[in-house]
Structure formats: C-alpha cells, structure tokens
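Peer 1: The sequence and its predicted three-dimensional model are supplied below.
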There are 2 protein chains.
Amino acid sequence: MSTAEAPQQRLLTIGTVCRRLQGEFDDISISKIRYLEDQGLLTPRRTQGGYRMYTEDDVEHLATILRLQRDEFLPLRVIRQVIASPEGSQQRRRKLPPALGTPEDEVTLTELVERSGASPDLVRELDEFGLLAPRTGSGEKRFPETDVEVVTLCARLNQYGLAPRNLRAFRTSADRNAALLEQVVAPALRAKNPERRREGLEDLQSLAEIAQELSALLLGRDLRRLSAS
Amino acid sequence: MSTAEAPQQRLLTIGTVCRRLQGEFDDISISKIRYLEDQGLLTPRRTQGGYRMYTEDDVEHLATILRLQRDEFLPLRVIRQVIASPEGSQQRRRKLPPALGTPEDEVTLTELVERSGASPDLVRELDEFGLLAPRTGSGEKRFPETDVEVVTLCARLNQYGLAPRNLRAFRTSADRNAALLEQVVAPALRAKNPERRREGLEDLQSLAEIAQELSALLLGRDLRRLSAS
DNA sequence: CAAAGGGTCAACCTCAGGTTGAGCCTGTTG
DNA sequence: CAACAGGCTCAACCTGAGGTTGACCCTTTG
C-alpha cells in the first residue's frame, strides 16, 4: 500500500484495538466498537478501502468511554455529552422547567398542601411572605404547579431553621435577577413579529440557565469562603 | 436541625405518596412505586387489608432512590447496593463541586484570561464590579479556580448584552443568600468539636443545594409570568 | 492470489424498567 | 349499609438500550 513517508503514526485496525483492550475490558468486541462508533462516540479515520484505523489517542478515548460505562454506569447518551463538552464539564442535571411561554397548570390550596406534604400553616406563612404566586382571582386561590415544589423545598429549609420570613430573601433575589434578564429580551418579547418573540423566549431560556449556573457558582464561592474562615 | 416530630406518625397511602412526589419527579407513578418495591428497594408497612402505608421516612427514602436514578443515572441494582450498604460506607460519589471546607486551587490573572477565553478587558471589568474573588495578597492577584467558570459564564451573558455592571446584582443576591445560610450553621462551624463542624459543613452543603433549587424555581416562575404578560 | 481480516446492513436478542388490564378486596363516607 | 374511590396481585405486554449474528461483499498483505 501507499508507502507515504508521512509521519507514520502507527495506526491500528479494529481487530488489534479490540485485542489490545481485552486486558482491561473483558466484554469488548469488534461489533461493540463498531456499535459505539455508530452511536457517535468514536470517529476513527478510514483507509481508502473503508477500513477503520485507530490512533493511540483513539484507543485511549475508547478506554475512557468504556471506563465511564463500566465504573460510573453512565449510559452512552450521557457519555456522549460528557465527552463532547469542553473539558470543564458542567453537566449539572437541571430538570428544565416547563417551557417558557406556555401556560402552566394550576392547583388549589388543598392540592398544594396535599402534594407538598407541608403543614397548612407553613403554606399559609409562605404565601404571606410572598413566596408563592397565587392567582388571586374569583373565589378560590389558584397556585401555579411550580409552587408545589417551592413549598417542598421551603419546608426542607424550614426544617433547618429557616423560617418563611427569612426565605423572602430568596424571592427578592429571584425577582431582581428576573427583572435583569427580562430587560435584555423585553424588546423582542414586545415585537409584533412572532418569530422574533419566539427567539426572545429562547434567549430568555438560555439566559436563565446561564444566570442560574452563575448564581450557583457565586453562592458556592461565598460559602467556601465563609466556611474556610 | 431536628424539628420535634409530631407523634401523630401520619401514614400515607401509595396514591398520596405518588402525588406528593409528582412535584419533584414527573415520571413517578403508582405502578413504578410498586415496581421499586418489587425490586427490593422499598418495604412499606402494610395494613391488615394489605394496603401499603408509607411513613415520612419512607417517602424521603423513595425520593433519594429516584434522585440517584435520575441525577446519577444509577441502575436500580446499584442503587440497591448503595442504599443497603452500611451507613458509613465509602461509597460516597464525589461530584464535581469541590467539597466545602477544603482549600481551593488558585490561578493567576493570566491563567484566568487564558482558561476562560475572555478578553482581558472583560476580566478586568468583572473584577472591578466585584464578580471575582481574588485574594489580594502580596504581589500578583490570585483567583480561586471557580472564577474561571464565573468569567466564562459572565462572558456569555455579556454577549447577550449584560455588562459586568449589571451582573453585580447576581453577586449581591448570592452574597445575601450565602449569609442567610451561614447564619444557620454558624454555631456548628464555630464549634470546638470537629465532628460537629463536619456536620455543619454537610448541612451547609445540603442547604446550598436546596436553596439553589429554590432560586431556580422562583426565577423560572418570575420569567414565566413576565413572558406570559 | 488466497486467506485473514474488514465493511455494511437488517434482523435479532436480552435485559432493565416499567405499564396495562382483569378480577378482586378494602376503607370511607353520606 | 351501599356505593365507590382507591388498593391489591399477577401475568402479559411494551419500549429502548446495548449489543450480536449472519449474509454477502470488499481490502490488505504475505
């Protein structure tokens, strides 16, 4: 074959790679390696004839994947993210809230108490201190479904000794941050063009995610400092 | 942190448990709860008639299982081990956030610019507006490693039009929240007894996680409302 | 040029993690 | 005390992840 005097990085065929890894991973197989490639976890070079050829780095990469799978029990879909994301992986599992811009389900006070498992008193206090967001329309108050979780979380904080009165601070912070982000996208949201509005919502979502991560980081930094002193 | 447990020991039926957890886990279902029991992960009491009855602890236990499954991607068979293993097991999964109470690595300004990929100007501004946490000691400033990510995130927000001047609000919020949480554990952290201090740190970590989730939720709620109007 | 090794693709397999439905029982409420 | 919402079990079923197998054809290399 081509005796190109290119920097002949010794390339390995799939069979060789497989044998090489058999030591550390007994469940490796040629078909599995091909499967992982199919799943987008690997992209070896190919010869003219279509043979897969692996560099040493490819092999190391593959070993990493197999280790994540075997030792951390990560599903391939997650490994794909971990691998793909810039080394400073911040794959924090954020349960994304219901998409912005779609109306949310509402619950009654009774449901709220029931589903959060908190005492009616606590719920009342939380409401009083503005941590809940009821729609005070005709008749019975209705709360956004999110408030179920809000109450649950507040109840846990309450157990640690943070009364609703103290928790108000979280709301204030959230409000201020929300207002800040809203400023940015306000023009887009007020636009006539629906496409423009949709983009505004998407931006808002992105902004919220970034802002949230930033807040988490800053909080962590503060706490670290406080706890170190 | 222990609040006096009401002696009522109110037991919950499976349906109630299910509704209660719907807030945090949207994929929970009665059949899933029964399935988890079948898999040996749960053992609620039974009434004479055979009804499953859950204590608050059972619910917390179940929530833990669901969290391990959702956030750590652990298969049930592994969760079973983790749960069953003796309390003081070394199975502690180390996650990304550097543990509280251990000193953090530091980087120089140059490294900070380099690793965040932001412009020196931006970094300078961020510092000026108090978003970074340099240790202003002898000679060159040194930043905690966390600041690399802080800069990265701020840079992204900056692209959306949020200048460092605006971002200060995030810091203020974080500071206030941190102070709030710190109050709770301050006595423990100042304790002589090292065991007590360790517990304080652990509580602080838990508090931070809950607080963060709460903030996220509140922010989401605000934005939803803003974007709906 | 032959044999050893590779390539693709569709069909298939196994297991985890549940869901569904039938048929029956329990607990609560008016 | 009847009605009815909610629970119970058990077997059958479903879906998706993570591969395997086999048929058939193509490359590479001694």
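Peer 2: On my side now, so go ahead. Numbers count the residues shown, from 1 in each chain, chains lettered A, B, ... in the order given.
Peer 1: who's the closest residue to A:Leu112 other than its chain neighbours bridged to?
Peer 2: Closest residue in space to A:Leu112, ignoring its immediate chain neighbours: A:Phe143 at 5.3 Å, by CB to CB, 6 or more residues apart in numbering or on different chains. Every residue, glycine included, has its C-beta placed from N, CA and C. Taking DSSP bridges as the rule, A:Phe143 bridges to A:Val107.
Peer 1: A:Phe143 contacts A:Ala133, doesn't it?
Peer 2: Yes: here A:Phe143 reaches A:Ala133: they are 6.8 Å apart, a contact under CB atoms under 8 Å.
Peer 1: quick one, which of the two is more surrounded?
Peer 2: It is A:Phe143, of A:Phe143 and A:Ala133, that has more neighbours when counted by other CB atoms under 10 Å in any protein chain shown, with 23 against 19.
Peer 1: residue contacts, the more buried one?
Peer 2: A:106-109, A:112, A:132-135 (CB atoms under 8 Å, 6 or more residues apart in numbering or on different chains).
Peer 1: three-state assignment of the residue in chain A positioned nearest to DNA strand D?
Peer 2: Closest to DNA strand D within chain A is A:Gly49: 2.3 Å, counting by CB to the nearest atom of the strand. Judged by DSSP: H, G, I helix; E, B strand; the rest coil, the three-state class of A:Gly49 is coil.
Peer 1: ok, it to A:Thr13 distance?
Peer 2: Here the criterion is CB to CB, to the nearest Å. By it, A:Gly49 lies 11 Å from A:Thr13.
Peer 1: Next: A:Val107.
Peer 2: Relative to A:Thr13, A:Val107 is positioned 61 Å away (criterion: CB to CB).
Peer 1: Of those two, which one has the most company?
Peer 2: A:Val107 (22 against 15).
Peer 1: in terms of contact, does that one touch A:Asp147 like I think?
Peer 2: Yes: when contacts are counted by CB under 8 Å, A:Val107 is listed as touching A:Asp147 (7.3 Å).
Peer 1: The longest helix along chain A: which residues count as buried?
Peer 2: Longest helix of chain A, by residue count under DSSP state H: helix A:194-228. Buried residues in helix A:194-228, defined by neighbour count with 16 or more other CB atoms under 10 Å in any protein chain shown: A:197, A:200-201, A:203-205, A:207-224, A:226-227.
Peer 1: can you give me how far it is from the chain middle?
Peer 2: 12 Å (CA atoms, centre = their mean, to the nearest Å).
Peer 1: For it, name the packing helices and strands.
Peer 2: With contacts taken as 3 or more CB pairs under 8 Å, 6 or more residues apart in numbering or on different chains; DSSP states H and E, helix A:194-228 sits against helix A:164-189, helix B:146-159, helix B:164-189, helix B:194-228.
Peer 1: Pop the domain breakdown of chain A in here.
Peer 2: A:12-84, A:101-162, A:170-229 (automatic domain parsing).
Peer 1: and A:Glu60, what pLDDT?
Peer 2: Note for A:Glu60: predicted pLDDT of 92.
Peer 1: Near it, how many other residues are there?
Peer 2: The burial count for A:Glu60: 11, using other CB under 10 Å.
Peer 1: re the thing from before, would TSV of the helices and strands packed on helix A:194-228 with mean pLDDT and distance to DNA strand D be doable?
Peer 2: Listed next are the helices and strands packed on helix A:194-228 as TSV, based on pLDDT from 0 to 100; distance: least, CB to the nearest atom of the strand, whole Å:
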stretch	mean pLDDT	distance to DNA strand D
helix A:164-189	92	30
helix B:146-159	90	28
helix B:164-189	92	35
helix B:194-228	88	26
